[in-house]
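Visitor: Build me a structure from this.
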Amino acid sequence: MSLGERISSRRQKQARVIEVPEWGEDGAPLLMYVFPITAGDLNKIQKKHKDFLTNQTVDAMVDLVILKAGDADGQRLFTLADKVHLMGEPIEIISRISQEMFGDVDSVEDLEKN
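Guide: Next up is the predicted model:
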């Protein structure tokens, strides 16, 4: 087994749950399952949003939500077709979700290490 394969096999595969009360039903919040942001995820976002790590625009935050938000079965909650709807949401909701997706990342340097 190569070093890369060994590192990959140890990677955390546990999703965090983000509660979004504003998007829930019947008084229960929407539960959004989010796996840690990877170098590959960050690369996808940075291709479209060059300065994502230093200047997170609403457009970039929405793209991150679309990329990372999943349900309990690991299926994506949103597609690019949903972007128009997400862009119509209050910035407080989108910003909070985006920040929670970063989870335990303390700095840009920490994120770039992934």
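Visitor: mind checking which helix or strand Asn43 is in?
Guide: helix 39-48 (DSSP states H and E).
Visitor: Does anything pack onto the very next helix or strand once past that helix? Which helices or strands?
Guide: Next along the chain after helix 39-48, taking DSSP H and E as the criterion, comes helix 58-68. Judged by 3 or more C-beta pairs under 8 Å, 6 or more residues apart in numbering; DSSP states H and E, helix 58-68 is in contact with helix 39-48, helix 83-87, helix 91-102. Bear in mind the C-beta positions are built from the backbone N, C-alpha and C, glycine included.
Visitor: phi, psi of the closest residue in space to Arg16 that isn't next to it in sequence?
Guide: Nearest residue to Arg16, sequence neighbours excluded (C-beta to C-beta, 6 or more residues apart in numbering): Val34, at 5.3 Å. Main-chain torsions, Val34, degrees, to the nearest 10: phi -130, psi 120.
Visitor: let's number from 194 now, not from 1
Guide: Sure thing, new numbering starts at 194, so read that last one as Val227.
Visitor: how about Val227, what does it touch?
Guide: Counting by C-beta atoms under 8 Å, 6 or more residues apart in numbering, Val227 touches 208-211, 261-263, 293-294, 296.
Visitor: ok, and the closest non-adjacent residue to Asp234?
Guide: Distance criterion C-beta to C-beta, 6+ apart; nearest residue to Asp234, sequence neighbours excluded, is Leu260 at 6.1 Å.
Visitor: Surely the one you found and Ile238 touch.
Guide: Yes: assessed by C-beta atoms under 8 Å, Leu260 is found in contact with Ile238 at 7.0 Å.
Visitor: Thanks a lot, catch you later.
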